[in-house]
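need coordinates for the below:
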Amino acid sequence: MPFFELSFDCGETSLVVRRFSIHEAVSTPFTVSLWVRSENPAVDIGAIVGQPAIFKVRSGYLNLTGGGLRVWSGYVSYMEQTHAEHRQNKVLSTYHFRIVPHLWLLDQRRNHRIFQHLSIPDIVDKILTEWNVRRAWKIDRGQYPKHEFRVQYGESDFTFVSRLLEEAGIAYTFPDVDDNGSLLTFSAELHKNPPRPGPPVPYEHNPTMEAEREFVSKVSLVRDVRPGALVLRDYDFRRPEYPLFTEAPKAGDEARFEQYHYIPGGMFVEAGRGGDTPFADDKGIARHDQPTGEKRATRALEAARADRGGISFESNLNDLTPGVVFKVDHHPHPDLARPFLTTDTILEGSAEGEWMVSGHATFADVPYRPPLVTPRPEVLGVQSVRVVAPRNGIDLDQAVHVDEFGRVRVQFPWDREGNLDDDSSCWIRVVEGWGGAGYGWLNLPRVGHELLVTFLDGDPDRPVLAGRLYNAEKPVPYKLPEHKTVSTWKSQSMPALNGYNEIKFEDQKGEELFYMQAEKNLRKLVKNDEIDTVGHVRDKLVQAWEFETVGGNRIQHTEKERDEMTGRLHHTLIKGDRRQLVRKDEIEVNFLRRRLLVKKNVDAVVKGEKRERTEWDLHLYTKENRKDRTGKDHSLFVYQEKHEKVGGDYAREAGKEIHYTAGENAVGQAPDITLKGPGGFIRIDGSGIVISGTKVDINVGGSPGHGHGSRPKEIAKAKEAVPIIGDVHVQPDSPAFATMKALWDQLVADLAVKPADVKYAALKRIEELNKIAANADVETPLNGLVLWSGKGPPIAGTVAQDFANQRSALGLPSTTLEQTPGGIELGHLSSRDPSEQKDEAWTIVSKKLATQAAGDVHIVLGIVPIPEGRIVRHEIEMLSNNPNVTSITVLQMQVSATGKYKDAGGTAYDLVPITMQEALGLKPPPPPAPEPDDEDDEEVAA
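Numbers count the residues shown, from 1 in each chain. This next block holds a predicted model:
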């Protein structure tokens, strides 16, 4: 029976083993180094390297107990031709090659990969299954919790698996299982393996004469100093104040040699408890678990102390393989009576010489853990990631996917297995600019955003999102570098993409701006004082309702002028008293009616003069008594008739004279009239006339009594409050003007093409115009209506436009100028219109303009008064009855060499304010008597 057997899957049989060296160790792939010789001068090395091979050794009489067969199966990892020589017409070639286990191939693949919700044995199984590695497990899988997130970062599969196994305290060996080779076997308690069959191995100090029986020799007893305590520290953001410590049981006198490790996430596992945060726990309940940390600390300390004591030896036993527990007999030192665990061996031999095994062993009564020698990869710097969310039919560009702690999931750029969904990573915490107990910044990343990720202590298992980045798909809010001086905090409405809230700063010198936009509502709470200081103009526009409540007093101070306009109704409710102080003049203008209701008394005190003027009728009604008192003279002018009617008694008393003067007749009439004086009386009643007196003289001379006559004083003229002409806001191409112009252009075109059928064409076109005008989209915005009539649209229209343009050039606000041409063209057409429909189309649109008008309206006229039948006349009447119109200002065009406004022909005009009565040609009220001059009689501007 041969001592060596070497076979290859490729079928090569010419190689003869001359020498071998086999190194084996716990948690290390074995290495079989062979030196072989072949008479084939051209062995196909390429067909052997990388292919399976099996090497068997039979020890013959050397191992009398175990049978002596050892088998190593694996792959040829290396081969070289070391020597070639000619001998007796033959060429002998010497080759050196190595056989390694299947597990060794894992070191040839480097990867970046994420494993989630798996235990360490599960992760190892997953990788070994991909490599089709045979294996056996001798562990209790229930002792190994699942991990939420573990990363293979730039490591080979072998390095990653080795690191995890060391962390879990799981060792592996390659025991022989059959003639087909060794089997990768994992064990958490190698030191508890069953003892080697047979009696203890005898110790021989001089084995020369004992070579044909088993022995160990050259035994060296070793003892090292090792740490005797290990403390592990972690941090739990769910319990930030909790001191998350754990430690391994101390080891006697060496407990003072403490190892202290801070490992973020070192105790973080899926414990299956808790569940008070359903969003965070949607994939599993992961928590920091101190018992798990204690086990990890214990394993780490056991790994550090595993080779604290042991032996080195030589032997002729080739079955003292790593993982074998054996005893030594007949050694004088008592410690060698303890069981030993073989940890590494080297088996060497040759075809002609002897074989020898050398190795090391630790005490088997001490727990054995593989040493923690595989370093954890460290992530240097930051990386760019993308925020992801579940792919459940939602628009991912409009999603915010977070848990209760504001964490998000991301896709790492190196992750080839991720699908840009919520399985791409664990929940990852997000760095904010400020964070406290219920206060700070909260700016949650949204799906698709590009973020910067860093890692706690460089650990790829502990990512933290630390920044935001723009990219081509998610560009900056403002175009650069044009807006390089803009700083902004701008959000985006969800799920719609066309709205946003924003706080923006413009720092361009001379154009500095602080801008704030609320896409919908804005709420502001000031719990104490608020102070606003505006250095120049402040504009405020509320397009719907505004409510303001002041719980205490309100003081408003305007150092100069204050203008206030209400487009429709103005309601004021004062639940208590109202006091108003005007230190100078007070001017109030009502363009329409004024109604006043006082449910109790009215007290009015004027310490100077009081002047009132009513240009039309004055009506005064007192339901009860009326009392007038004049401290001095009382003058009354009635320029036409005066009528008085008293339902009861009428009594007058003068301290001196009562004088009546009539320009024509003086008639007194009553059923009973008495004229009484100191000397008698005259009485006229139904029975006749009675004259009675101390003495009655008739035609005997004497003279009549003398009175001073009526001398009423002229009244001082009341000063009229004249409003300033309101602004005209301009925006060309208004819908109404464009509609009317199109109608007229169509009509003119028809009349020009068919002059012989003018009447028919006019009738047909007018009917069409009326239909189009009835459906026309007419808009009349606030303060924007300008109407004109008179000398023709080309003149009045141009002047009105010039008037509007000049005011707009002064920087006044601009909305829309609605221009309604007069009825000149259609007025000309009406004389040819057999149906006498006249300008009904213009009237339709004009009425729309007048009924939709609001605010201050300006009218530019060329002819005064407006002739009957003109469209603008109807509009003015409708405007007067429009409750939304607050004022109507009528301006008449007057030719002036120095006029400010010009028509298309260059003629200059001034626009002079006139009254509505003048514009409409209404009959004025009877003129009053000439009024006296008043040095203060100037127009007062409101």
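
for residue 5, which residues are in contact?
By Cβ atoms under 8 Å, 6 or more residues apart in numbering, the contact list for residue 5 reads 54, 55, 56, 58. Glycine gets a C-beta too; all of them are placed from N, C-alpha and C.

err, residue 335, not the other one
So residue 335 contacts 221, 309, 363 (Cβ under 8 Å, 6+ apart).

that one should be in a helix, yeah?
Yes - assessed by DSSP: H, G, I helix; E, B strand; the rest coil, residue 335 belongs to a helix.

show me what counts as buried in the longest strand seen in the chain.
Criterion DSSP state E: the longest strand present in the chain is strand 69-87. Neighbour counts over strand 69-87 (16 or more other Cβ atoms under 10 Å) mark 70, 71, 72, 73, 74, 75, 76, 77, 79 as buried.

which non-adjacent residue is nearest the most centrally placed residue in the chain?
The structure's the chain has its C-alpha centroid closest to residue 491; by Cα atoms, centre = their mean the separation is 3.0 Å. Spatial nearest neighbour of residue 491, chain neighbours left out: residue 501 (4.7 Å); criterion: Cβ to Cβ, 6 or more residues apart in numbering.

thought residue 515 was touching the one you found, still the case?
No - between residue 501 and residue 515 there is no contact under Cβ atoms under 8 Å: 11.5 Å.

more neighbours, the two?
residue 501 (15 against 11; other Cβ atoms under 10 Å).

against residue 435, how distant is that one?
21 Å (Cβ to Cβ, to the nearest Å).

repeat that for residue 246.
Noted for residue 246: a distance of 27 Å to residue 435, by Cβ to Cβ.

pick out whichever of the two has more residues nearby.
Neighbours of residue 246 and residue 435, each counted by other Cβ under 10 Å, are more numerous for residue 246; the result is 21 against 12.

one step back: ok, of the buried residues of strand 69-87, which one's closest to residue 32?
The nearest member of the buried residues of strand 69-87 to residue 32, counting by Cβ to Cβ, is residue 72 at 5.0 Å.

show me what contacts that closest one?
By Cβ under 8 Å, 6+ apart, the neighbours of residue 72 are 22, 30, 32, 54, 55, 56, 99, 101, 174, 181, 182.

rebuild those residues as TSV, extending it with secondary structure and distance to residue 282.
Listed next are the contacts of residue 72 as TSV, based on DSSP: H, G, I helix; E, B strand; the rest coil; distance: Cβ to Cβ, whole Å:
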residue	secondary structure	distance to residue 282
22	strand	52
30	strand	45
32	strand	50
54	strand	50
55	strand	52
56	strand	54
99	strand	49
101	coil	41
174	coil	42
181	strand	46
182	strand	44
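
quick check: residue 602 is in a strand.
No - using three-state DSSP, the assignment for residue 602 is coil, not a strand.

pLDDT score for the residue nearest to residue 491?
At residue 501, the model reports a pLDDT of 93.

residue contacts, it?
Taking Cβ under 8 Å, 6+ apart, we find residue 501 in contact with 490, 491, 517, 518, 519.

how many neighbours does the third one have?
Which is residue 517. Neighbours of residue 517 (other Cβ under 10 Å): 13.

who are the contact partners of it?
Counting by Cβ under 8 Å, 6+ apart, residue 517 has contacts 500, 501, 502, 504.

want to throw the residues you listed into a markdown table with distance to residue 323?
Shown next, in a markdown table, are the contacts of residue 517 (distance: Cβ to Cβ, whole Å):
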| residue | distance to residue 323 |
| --- | --- |
| 500 | 67 |
| 501 | 67 |
| 502 | 68 |
| 504 | 70 |
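
can you give me the strands in the stretch 51-200 of the chain?
Under the criterion DSSP state E, counting those that start in this stretch, the stretch 51-200 of the chain contains strands at 52-58, 69-87, 90-100, 110-115, 135-138, 150-156, 171-173, 176-178, 181-182, 184-187.

please name the nearest non-neighbouring residue to residue 68.
residue 59 is the one closest to residue 68 (Cβ to Cβ, 6+ apart), at 3.2 Å.

need the contact list for the one you found.
3, 68, 69, 70, 316, 318, 355 are the contacts of residue 59 under Cβ under 8 Å, 6+ apart.

hang on, the last one packs against residue 315?
No - under the criterion of Cβ under 8 Å, residue 355 makes no contact with residue 315, lying 10.3 Å away.

tell me which of the two has more neighbours.
A direct count of neighbours by other Cβ under 10 Å for residue 355 and residue 315 places residue 315 higher, at 28 against 16.

show the low-confidence segments of the stretch 551-700 of the chain, by residue range.
Scanning the stretch 551-700 of the chain for pLDDT under 70 picks out 567-568, 591-592.

relative to residue 615, how far out is residue 621?
Distance from residue 621 to residue 615, by Cβ to Cβ: 20 Å.

out of these two, which sits in the more crowded spot?
Counting neighbours by other Cβ under 10 Å for residue 621 and for residue 615 shows that residue 615 has the greater number, 11 against 5.

is it fair to say the more buried one lies in a strand?
No - under three-state DSSP, residue 615 sits outside any strand and is assigned coil.

the chain should start at 50 in everything you say after this.
With 50 as the first residue, the last one maps to residue 664.

out of the helices and strands in this protein, which is least certain?
strand 989-990 (a mean of 36; mean pLDDT, DSSP states H and E).

can you give me the helices in this structure?
Secondary structure of the chain, counting by DSSP state H: helices at 94-97, 169-179, 206-217, 339-354, 784-802, 807-823, 842-858, 873-879, 889-901, 920-929, 965-969.

any idea how the protein splits into domains?
Domain segmentation of the chain under automatic domain parsing yields 278-354, 535-566, 772-969.

hey, least reliable of those by pLDDT?
Looking at those, the lowest mean pLDDT belongs to domain 772-969 (a mean of 59).

quick one: contacts for the residue lying closest to residue 385 once chain neighbours are set aside?
Spatially, and ignoring its direct neighbours in sequence, residue 385 is nearest to residue 377 (4.8 Å; Cβ to Cβ, 6+ apart). Going by Cβ under 8 Å, 6+ apart, residue 377 touches 249, 250, 251, 252, 265, 268, 360, 362, 385, 386, 389.

one step back: what is the nearest of the contacts of residue 54 to residue 695?
Residue 695 has its nearest neighbour among those in residue 103, at 143.8 Å by Cβ to Cβ.

what number of residues lie near the closest one?
Residue 103 sits with 19 neighbouring residues when counted by other Cβ under 10 Å.

same deal with residue 423?
By the criterion of other Cβ under 10 Å, residue 423 has 19 neighbours.

so how far is residue 500 from it?
Note on residue 423: its distance to residue 500, by Cβ to Cβ, is 30 Å.

show me the shaky parts of the stretch 100-249 of the chain.
For the stretch 100-249 of the chain, the stretches with pLDDT under 70 are 109-116.

let's see 90
Where the stretch 100-249 of the chain drops to pLDDT under 90, the residues are 106-119, 132-142, 225-231, 247.

could I get the buried residues of strand 118-136 in a markdown table, plus columns for distance to residue 604?
Compiled in a markdown table, those are given as follows (distance: Cβ to Cβ, whole Å):
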| residue | distance to residue 604 |
| --- | --- |
| 119 | 104 |
| 120 | 103 |
| 121 | 99 |
| 122 | 98 |
| 123 | 95 |
| 124 | 94 |
| 125 | 98 |
| 126 | 93 |
| 128 | 100 |
